[in-house]
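K.L.:
could you work out the structure for the sequence below:
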Amino acid sequence: MASAIVPVEEAAHAPGLQGEIQAYYAEAAHNATEAEARNAAFEKVPVSRFPGLPHGTVIEIPSTASVADAVLTLSRHNILSAPVRNVDGPQDASWIDRYLGVVDFPGIVLWVLEQSELAAAAIAAGAAGVGGLAAGAVGALGAVALGATGVGAAAGVGVGALAVAAAAGVGVSTSGGPASSGPAAADYMEGDFYKALQETDYFKTTTVGAVAGTFRWGPFLPVQLEDRLLTLLLLTSKYRLRSVPVVEPGRGALRNLVTQSAIVRWLADCAGTDWYDSVANKTLTQLGLSLSPAAVVSVSGDSPVLTAFQLMKERGVGGVPVLDGEGGPIIGNVSARDIRFLLTSPDYYAEREKVTVRQFVSSAGAASPIADLHLDTTSPAMSPPITCTADSTLADVVATLSRARIHRIYVVDAQRRVQGVVTLRWIISRFVTEPKDYFKDFFEGVVPGATVSSS
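P.N.:
Residues are numbered from 1 along each chain as shown. Alright, predicted model coming up:
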């Protein structure tokens, strides 16, 4: 039986910032629309007022840590990403010299799939064995697991892929033919890929500092303490940043790392204020959520598990619902962070000719040594999926996401067929609109070569 959404009445209430925004909102609402009043209120609040991290400090990964250590650090702290600190930099370095980039699970997924696609191309061409190619590709393309701010970030992957392919005597198509598509690559790879992971010591020997700067998953784009809350909300919604570092001028260390999850948890605490309730008490349908089953990226439980991660990469999503057959009812969910189970227990999967999504969903936690850390490894993939309906209010959905600490919730019909998906980014976007020319010069010069898309 599926888990029910949490009634909004059970959401926690926290005084302070919420009340401050309420006062600004009430003042502005006399001569403005509700949307304009919310924007005006958010514009009056500095980023420094946003709640800090529960543990008090930003979790950082030193540049000398191995990729394996990075995966375990992210898992241990139950976080999606962490900045990479340059241990060779001067102690008094500013933030732009202190941090090399960001390690995150979506980037690690991308690395895994680069290996899969190269091996699939090799097999399709009949030119090289999977094990040999993957072993070479690990060193050259491992950088894809990291986000970075280096100048050469944009070109790193293509150069690395061509170098590996040339060494193996394989042609690599940039047009994405059958061998490089998600399902095809997964079918070609499967057990051989897990064996390659099992036999290589890449994760244990390659440091995050050695590969940072070769590939950029997303820009390391900080805001300053005196920047406005409106800026933060727009960056994490319209501009799709999953996390935003907060820096203090003249100091190197990060003061905060605000994630989309943290913002939605904070929104859950705002229930009862006019500026929140005027939006959150509406249903998902009233707020314009697109309901198009054909547009939802999903995977059949009988498909190879690599297919799920291929779809995340190709469609730019952080998770996919698992269906009972093609177009069937939802039975689970696989998210980008679940790649940690593949990376920490390749021997388990190498022993099996084919690992389906259904098998992965039911066995991932038990198979991984992450379980030895005594963490809460139960994820949406390993439990009945949490769902809602189109008639659910945004307030109930926010409260559910906050309590369950998940990043998306699927909208289903009476037969539990997926009709749509509610993401953290979509939720945040319901509360803000971008004023004309608001970011006019904001992105220029903050990080060399950084580009941020609002599409």
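K.L.:
can you tell me the element the residue nearest to Thr433 when sequence neighbours are not counted falls in?
P.N.:
Computed as C-beta to C-beta, 6 or more residues apart in numbering, the closest residue to Thr433 that is not its neighbour in sequence is Ala35, at 5.4 Å. From N, CA and C alone the C-beta is placed, and that goes for glycine too. Secondary structure assignment for Ala35, by DSSP states H and E: helix 34-44.
K.L.:
buried ones in that helix?
P.N.:
Ala37, Arg38, Asn39, Ala40, Ala41, Phe42, Lys44 (16 or more other C-beta atoms under 10 Å).
K.L.:
give the pairing partners of the helix or strand that it is followed by; include direction for each.
P.N.:
Note on helix 34-44: by DSSP H and E, the next helix or strand toward the C-terminus is strand 61-62. Using DSSP bridges, the strands paired with strand 61-62 are strand 81-85 (parallel).
K.L.:
tell me what the next helix or strand after the partner strand is packed against?
P.N.:
Toward the C-terminus, strand 81-85 is succeeded by helix 95-98 as the next helix or strand (DSSP H and E). Helices and strands touching helix 95-98, as assessed by 3 or more C-beta pairs under 8 Å, 6 or more residues apart in numbering; DSSP states H and E, are absent.
K.L.:
what's helix 95-98 in contact with?
P.N.:
Applying C-beta atoms under 8 Å, 6 or more residues apart in numbering, the external contacts of helix 95-98 come out as 85-86, 89-90, 149, 222, 245, 247, 251-254, 447.
K.L.:
cutoff 6 Å now
P.N.:
Gly89, Val247, Gly252 (C-beta atoms under 6 Å, 6 or more residues apart in numbering).
K.L.:
go through the helix or strand just after that helix and flag the buried ones.
P.N.:
The helix or strand immediately downstream of helix 95-98 is strand 99-104, counting by DSSP H and E. Using 16+ other C-beta under 10 Å as the test for burial, strand 99-104 gives Tyr99, Leu100, Gly101, Val102, Val103, Asp104.
K.L.:
how many neighbouring residues does Thr389 have?
P.N.:
By other C-beta atoms under 10 Å, 14 other residues sit near Thr389.
K.L.:
adding pLDDT and distance to Ile339, write the contacts of helix 95-98 out as CSV.
P.N.:
Below are these laid out as CSV (pLDDT from 0 to 100; distance: C-beta to C-beta, whole Å):
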residue, pLDDT, distance to Ile339
Gly89, 81, 29
Val247, 89, 29
Gly252, 71, 31
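K.L.:
only whichever of those are buried, select them in PyMOL.
P.N.:
Per 16+ other C-beta under 10 Å, the buried members of these correspond to this PyMOL selection:
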select buried, resi 247+252
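K.L.:
any chance of the contacts of helix 95-98 in JSON lines, plus distance to Gln22?
P.N.:
Listed next are these as JSON lines, based on distance: C-beta to C-beta, whole Å:
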{"residue": "Gly89", "distance to Gln22": "43"}
{"residue": "Val247", "distance to Gln22": "28"}
{"residue": "Gly252", "distance to Gln22": "36"}
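K.L.:
which of the contacts of helix 95-98 sits closest to Gly316?
P.N.:
Of all these, Val247 has the smallest distance to Gly316: 27.5 Å, by C-beta to C-beta.
K.L.:
dump the residue contacts of the closest one.
P.N.:
Neighbouring residues of Val247 by C-beta under 6 Å, 6+ apart: Trp95, Pro222, Gln224.
K.L.:
cutoff 7 Å now
P.N.:
Trp95, Pro222, Gln224, Leu254, Arg255 (C-beta atoms under 7 Å, 6 or more residues apart in numbering).
K.L.:
wait, the last one sits on Pro245?
P.N.:
No - in this structure, Arg255 is not within contact of Pro245 by C-beta atoms under 7 Å, at 8.5 Å.
K.L.:
just to revisit the earlier point, reformat the buried residues of strand 99-104 as a markdown table; add distance to Gln415 and pLDDT.
P.N.:
Formatted as a markdown table, those follow (distance: C-beta to C-beta, whole Å; pLDDT from 0 to 100):
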| residue | distance to Gln415 | pLDDT |
| --- | --- | --- |
| Tyr99 | 48 | 83 |
| Leu100 | 49 | 82 |
| Gly101 | 44 | 78 |
| Val102 | 40 | 79 |
| Val103 | 40 | 80 |
| Asp104 | 35 | 81 |
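K.L.:
closest to Leu53 out of the buried residues of helix 34-44?
P.N.:
Among the buried residues of helix 34-44, Phe42 lies closest to Leu53 (C-beta to C-beta), at 20.8 Å.
K.L.:
now that closest one: closest residue in space, sequence neighbours ignored.
P.N.:
Spatial nearest neighbour of Phe42, excluding adjacent residues (C-beta to C-beta, 6+ apart): Leu230 at 3.9 Å.
K.L.:
so the one you found is in which element?
P.N.:
helix 229-235.
K.L.:
ok, then the element right after that helix?
P.N.:
With secondary structure assigned by DSSP H and E, helix 229-235 is succeeded by strand 243-247.
K.L.:
and that following strand with strand 81-85, angle?
P.N.:
40 degrees (axes from the mean of the first three to the mean of the last three C-alpha atoms, to 10 degrees).
K.L.:
neighbouring strands for strand 243-247, and are they parallel or not?
P.N.:
Paired strands of strand 243-247, defined by DSSP bridges, are strand 223-224 (parallel), strand 256-259 (antiparallel).
K.L.:
returning to what we had before: hang on, the residue nearest to Phe42 packs against Val432?
P.N.:
Yes - taking contacts as C-beta under 7 Å, Leu230 lies within contact range of Val432: 6.4 Å.
K.L.:
what's the overlap in contacts for these two?
P.N.:
The contact sets of Leu230 and Val432 overlap at Asn39, Phe42 (C-beta under 7 Å, 6+ apart).
K.L.:
give me the low-pLDDT residue ranges for this structure?
P.N.:
For the chain, the stretches with pLDDT under 70 are 1-15, 108, 111-203, 211-219, 346-353, 364-384, 443-455.
K.L.:
care to break it down by domain?
P.N.:
What the TED database lists as the domains of the chain is 17-107+212-259, 285-372+380-431.
K.L.:
adding distance to Lys204, write the ones you listed out as TSV.
P.N.:
Formatted as TSV, these follow (distance: least, C-beta to C-beta, whole Å):
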stretch	distance to Lys204
domain 17-107+212-259	5
domain 285-372+380-431	11
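K.L.:
out of the ones you listed, which comes closest to Leu267?
P.N.:
The closest of the domains of the chain to Leu267 is domain 285-372+380-431. By C-beta to C-beta, the value is 5.5 Å.
K.L.:
how about the strands in the stretch 201-350 of the chain?
P.N.:
Under the criterion DSSP state E, counting those that start in this stretch, the stretch 201-350 of the chain contains strands at 223-224, 243-247, 256-259, 299-300, 319-323, 330-335.
K.L.:
can you tell me which of the ones you listed is packed in deepest?
P.N.:
Each of the strands of the stretch 201-350 of the chain was scored by mean neighbour count; the highest is strand 319-323, a mean of 25, by mean count of other C-beta atoms under 10 Å.
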